[in-house]
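Q: Based on what follows, work out the 3D shape:
(one chain, ligands or ions: 1)
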Amino acid sequence: MFKTQSLFFTYNQQTAFRFPDIELAAGENLLVLGESGIGKTTLLHLMAGLLRPKSGSVELMGTVLHDLSSARLDSFRGKHIGLVFQRPYFVQALSLQENLALVQFLAGKSRDKNRIKEVLNSLGIGHKLQEKPHRLSQGEQQRAAIALAVINSPQLILADEPTSSLDDKNCSKVAILLKEQASATGAQLIIITHDQRLKDQFQNAITL
Ligand SMILES: Nc1ncnc2c1ncn2[C@@H]1O[C@H](COP(=O)(O)OP(=O)(O)OP(=O)(O)O)[C@@H](O)[C@H]1O
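A: Sure, this is the predicted structure:
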């Protein structure tokens, strides 16, 4: 179960955000739509525990994120939350396989080459295992970004504008892949975007 309650956040006196409550059971998906500047990334960062709310709470699997110390929160995030960013963050000097092994290591897991192969194969980029990230096409990089997010089988997958730089065909593919990856592990999936093309692919949607 993932749940946010009465989330309120301010960067300064001019920018204050109140977000609608979200509640998702295991395996459920949600699309959060909103115009530029409305606070989508802010909400995603609150849900990932990267920002601390001024009031309200974020709860995943019975744990209230901001009750944890920052070290425990980092570890909890590494194990249970997968993040897909608009622009993927890779260590460019490492191969795709090594990048994924690093994410396993940072979550306190041992290197699992079979899991790395399984995830890359399911995303259609198994043959790019040894490739450096900058040698991948934009669509491949976006799929590799999904691999980074799901490698540790997180309970919650949060994606920030995962499709905005993609053409229609790749946009649809990425949405399907994210849903497939989430349903493979029974994870909750939340996509935050201004991309109206995704509307048809999600039954559960809210607009900020
Ligand atoms: N660190 C910050 N300090 C002060 N203001 C900020 C900070 N980060 C974001 N903001 C402001 O908060 C508002 C919401 O930003 P946010 O990035 O959450 O919006 P968004 O909906 O994701 O926008 P976009 O779709 O353009 O990425 C913006 O007006 C932004 O300028």
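Q: Is any residue of the biggest strand by length in the chain near the ligand?
A: Determined from DSSP state E, the single longest strand within the chain is strand 2-10. No - counting by CB under 6 Å from any ligand atom, the ligand is not contacted by strand 2-10; separation bottoms out at 9.1 Å. In this view, the C-beta of every residue, glycine as well, is placed from N, C-alpha and C.
Q: How far away from the center of its chain is the helix or strand following that strand?
A: Note on strand 2-10: by DSSP states H and E, the next helix or strand toward the C-terminus is strand 16-18. For strand 16-18, the separation from the chain centroid amounts to 22 Å (computed by CA atoms, centre = their mean, to the nearest Å).
Q: hmm, who's touching strand 16-18?
A: 6-10, 39, 42-43 (CB atoms under 8 Å, 6 or more residues apart in numbering).
Q: Name the member of these with the shortest distance to the ligand.
A: Thr42 (3.4 Å; CB to the nearest ligand atom).
Q: what helix or strand does the closest one sit in?
A: Using DSSP H and E, Thr42 sits in helix 40-47.
Q: ok so, going back, which members of the contacts of strand 16-18 are classed as buried?
A: Buried members of those, scored by 16 or more other CB atoms under 10 Å, are 7, 9, 39, 42-43.
Q: what's the closest non-adjacent residue to Glu131?
A: Distances taken as CB to CB, 6 or more residues apart in numbering place Leu96 nearest to Glu131, at 5.6 Å, with adjacent residues excluded.
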